[in-house]
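J.: Below are the sequence and a predicted model; questions follow.
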Amino acid sequence: MTYQATKSPSAARTVPNAARRDRLRPAGVLFCLLFFLEGLVFIPYLGLQNDEVLFAGAIFPPWGVLHTFRFAGHAFPTMLLSYVGTLKAWIYRLFLFSLWPPNPWTVRLPVIIIGAITIWLFFEFARKAAGTRAALVATALLSTDVTYVLTTCLDWGPVALQHLLLMAGALSLWSFHRSGKLLFLGGGFFAFGLGFWDKALFVWSLTGLAAATALLFPRALASKLSLRNLAIAVAALAAGAAPFIVYNHDSGFATIRESPPLSSARFGHKLLVLRNSLEGSALFGYIVRDEPALQPQQSEDPLELLSLRLSEAVGGTHTGLLALACVLAFTLLPWLWNTPARKPMLFALIFSAVTWLQMALTPKCGGGAHHAVLLWPFPHLFVAVAFAQASRWLPRIGLIALTLVTTTVCGSNLIVLNEHLARLVERGPTTIWTDAVYGLSQGLGNTAASHVYVTDWGILDTLRALNRGKLPLRIAEDWFLLNNEKKLPASELAGGNAIFVGHTEGNEVKPEVTVQLEALAQSVGLRKHVLRVVQDRNGRPIFEVYRYTRAVPK
């Protein structure tokens, strides 16, 4: 009787709390669904971008593969670039493009699903590390994050698999720490290995994860450092990264040799990109046009009308509050030092600092949102843990205050996300994301040309994917690189059976190629004959299809 009397109150408190935490877990699914729906909205508004479908070079000709592995008389593509592997290509080749043709939905829907799964993994990781309250806040912030939604849905980084494999590996290793099961140890490092194969920049994230773990949990880490565990970890990592390792063995470690020396140049610019990525404004002008359209769309779609009216009501707001929330959370850290929030916050802070410092010191990296987003989702964990712990200072209204603050930040995210949609509806995407590419692809689908020469960046991979490798594509740039002695034969220009595809004047990414091509044509007495001009949905002339003919003597 005495034992029951002393233990019952504790048990009475513990069981309902555990039950309440379990009841709240389905809320994480709702945030995954919210993200999924947000991604769906953007699919039809942008054309497939060149880097977004770079992986198609390992699926359709003309092949864009840097390295293949030969086995049993077959060549298996392993690397697209010295730092980008073919993991995504194999996923699409085996499970998607063998059943459905490439189009905006078959290309983007899978990565949106991957992004939603990543949010669930993050929710589970945050729940184990900091509790359900913080996990719900973190997941809410991530599911409405503008940069996460757009970089995942469009995945030109690519970043979708990077996030998935990072969270899958981290959650698996957490499970290994708690259970000691070697399956979780091997699974975690196998996921990390796949991350390396997907993109070598995964080393940034893994270094950040390792630094945070070593600095905050040295004893726990030391307790797991047995020869058996190390052997399993190394073997699993090597298995996941095997194609990447084989490529570097065959190429004399080209990934390392081609890595530029560290530099602090543009450090301030990269810091600004990070802030803009947190605020959700980094992709204005890159994905969505800044300038108004000459022919604004007069929409009758209810969703589009709602988006335009909301944009008008909030005055075209294009900055969210997440960056401000990060600053506020940082100022709370000293006050939370002696609370359970300290280690989760420091873990997120160390990971973010170490990961960002690597990209900040790497030339040609860190200057775009698709690099900054590789810090995600740990800034969201940092903010969520701080706010969740601070809410406990207000026993009666703490949850209400936390809900209001979280709703405010998430609401600001959604307003900025809507601004992207409203501008896409009214102004359209930029040239490299143009929806005119669909009309261009359809028009070229039945061409009888012997060769289709692409004269500018941003066209080849998209046409290759949309036409499933059936177009006789060539890269005219190969003949006109500066200091390149190769020249396109004049017979190819005037043969009458070769056509050229490029951007219209003012839309070129590499105008020097067009200039050199025109100079060569004129030098052999040829002139351009435009066959077709392709406009986007806002009436802008984006592409021109042409051939060269003999100039008529005056």
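T.: Looks like it came in fine. Worth saying up front: this structure is predicted, and the values here are computed from it rather than measured. Residues are numbered from 1 along each chain as shown.

J.: The helix or strand containing Ala384: which residues count as buried?
T.: Ala384 is part of helix 378-391, with elements assigned from DSSP states H and E. Buried residues in helix 378-391, defined by neighbour count with 16 or more other C-beta atoms under 10 Å: 378-391. For every residue, glycine as well, the C-beta is placed using N, CA and C.

J.: Ok, stretch 63-83 next?
T.: Applying 16+ other C-beta under 10 Å to stretch 63-83 flags 64-68, 77-83 as buried.

J.: So which residues of the protein form strands?
T.: With DSSP state E as the criterion, the chain has strands at 67-71, 74-81, 84-85, 451-454, 473-475, 498-503, 526-535, 541-550.

J.: Most tightly packed of these?
T.: Mean neighbour counts were compared across these using mean count of other C-beta atoms under 10 Å; the top stretch is strand 84-85, at a mean of 26.

J.: Other residues contacting that strand?
T.: Defining contact as C-beta atoms under 8 Å, 6 or more residues apart in numbering, one finds that strand 84-85 is touched by 54, 78-79, 158, 197-200, 243-244, 247.

J.: What is the nearest of these to Leu526?
T.: Checking the contacts of strand 84-85 against Leu526 with C-beta to C-beta, the nearest one is Leu54 at 32.7 Å.

J.: Now that closest one. Nearest residue, chain neighbours left out?
T.: Asp461 (5.4 Å; C-beta to C-beta, 6 or more residues apart in numbering).

J.: wait, doesn't that neighbour sit right on Gly57?
T.: Yes. Using C-beta atoms under 8 Å, Asp461 makes contact with Gly57 at a distance of 6.4 Å.

J.: Name the residues contacting each of the two.
T.: What both Asp461 and Gly57 touch, as defined by C-beta under 8 Å, 6+ apart, is the set Gly64.

J.: Contacts only, for Thr147.
T.: By C-beta under 8 Å, 6+ apart, Thr147 lies in contact with 277-278, 280, 282-283, 369, 372-373, 376.

J.: just Leu346 next, same as before
T.: Listed by C-beta under 8 Å, 6+ apart, the contact set of Leu346 reads 212, 215-216.

J.: ok, 7 Å please
T.: Going by C-beta atoms under 7 Å, 6 or more residues apart in numbering, Leu346 touches Leu216.

J.: I'd like to know how far the spatially most central residue of the chain sits from Ala369.
T.: Closest residue to the average C-alpha location of the chain: Val159 at 3.3 Å, with C-alpha atoms, centre = their mean. Distance of Val159 to Ala369, given as C-beta to C-beta, to the nearest Å: 9 Å.

J.: ok, now Tyr148?
T.: Taken as C-beta to C-beta, the span from Tyr148 to Ala369 is 10 Å.

J.: One more: Thr504?
T.: Relative to Ala369, and taking C-beta to C-beta, Thr504 is found at 27 Å.

J.: follow-up on the earlier one: looks like the residue nearest to the centre of the chain contacts Ala372 (just checking).
T.: No. Between Val159 and Ala372 there is no contact under C-beta atoms under 7 Å: 10.1 Å.

J.: can you count the residues close to Glu300?
T.: 7 (other C-beta atoms under 10 Å).

J.: Likewise for Leu278?
T.: Neighbour tally, Leu278, other C-beta under 10 Å: 29.

J.: Please tell me the pLDDT value assigned to the residue nearest to Leu54.
T.: As predicted, Asp461 sits at a pLDDT of 95.

J.: Thought Phe55 was touching it, still the case?
T.: No. Using C-beta under 7 Å, Asp461 is not in contact with Phe55; the gap is 8.7 Å.

J.: out of these two, which sits in the busier spot?
T.: Comparing Asp461 with Phe55 by other C-beta under 10 Å, the one with more neighbours is Phe55, at 26 against 23.

J.: Now stretch 330-340: buried residues?
T.: Applying a neighbour-count criterion of 16+ other C-beta under 10 Å, one finds 332-333, 336 buried in stretch 330-340.

J.: What is the nearest of those residues to Glu300?
T.: Leu332 (47.7 Å).

J.: coming back round to it: quick one, which of Thr504 and Ala369 is more surrounded?
T.: The residue with more neighbours, out of Thr504 and Ala369, is Ala369; 24 against 17, by other C-beta under 10 Å.

J.: Apart from its neighbours in sequence, what residue is nearest that one?
T.: Leaving aside its chain neighbours, Ala369 sits nearest to Ala282 (4.0 Å; criterion: C-beta to C-beta, 6+ apart).

J.: Output the below-cut-off pLDDT ranges for this structure.
T.: 1-22, 293-298, 477-496, 551-554 (pLDDT under 70).

J.: domains for it, by residue range?
T.: By the record's domain assignment, the chain is partitioned as 2-426, 434-550 (automatic domain parsing).

J.: and the first one, how far from the chain's centre?
T.: Spelled out, that is domain 2-426. How far domain 2-426 lies from its chain's middle: 8 Å, per C-alpha atoms, centre = their mean, to the nearest Å.

J.: now do the last one
T.: Taking C-alpha atoms, centre = their mean, the mean C-alpha location of domain 434-550 is offset from the chain mean by 29 Å.
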